[in-house]
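Q: pasted the sequence and its predicted model underneath.
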Amino acid sequence: MIRQHFYKSRGVLSSVATAVVAAILFLGSTGRLNSQLPTAPGPKSAQAALTELKLANAELLKKQQSTLERLEAVQKEASQLRIFASRH
């Protein structure tokens, strides 16, 4: 009986965790793809192109950091849910 309850609650937690992670990934994937970016009109100097690439990389790193922080928060919440479920 206890073993069945454990497996049942574990399945519910797995479903909740999966739904939370899916929601986070969906919210994080609303950005445009590189193939959707507009093309630049005309040639640019190498220095200007490098500067643009650095800015784009900095923005990408900021987005990745925020996504990582959100995923860590979700992981912490999922861990707390597991602890809570194991108590009941």
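A: Looks like it arrived, so ask away. For clarity, every value in this text was computed on a predicted model and none was experimentally measured.

Q: pull the longest helix from the chain.
A: The longest helix of the chain (DSSP state H) is helix 46-87.

Q: now do that helix: which elements does it pack against?
A: Packed against helix 46-87 by the contact rule (3 or more CB pairs under 8 Å, 6 or more residues apart in numbering; DSSP states H and E) you find helix 2-28. C-beta: built from backbone N, CA, C; applies to glycine.

Q: so where's this protein shaky on pLDDT?
A: For the chain, the stretches flagged by pLDDT under 70 are 1-17, 19-43, 88.

Q: hmm, try it at 90
A: Along the chain, segments meeting pLDDT under 90 span 1-44, 82-88.

Q: do you know how far residue 49 is from residue 59?
A: From residue 49 across to residue 59, the span is 16 Å (CB to CB, to the nearest Å).

Q: ok, now residue 82?
A: 35 Å.

Q: give me the more crowded residue out of the two.
A: Of the pair residue 82 and residue 59, residue 82 is the one with more neighbours under other CB atoms under 10 Å, namely 16 against 11.

Q: kindly provide the distance from that one to residue 76.
A: From residue 82 across to residue 76, the span is 11 Å (CB to CB).

Q: again with residue 69
A: Here the distance between residue 69 and residue 76 works out to 11 Å (CB to CB).

Q: likewise residue 57?
A: For residue 57, the distance to residue 76 - CB to CB - is 29 Å.

Q: neighbours around residue 76, how many?
A: A count of neighbours around residue 76, defined by other CB under 10 Å, yields 10.
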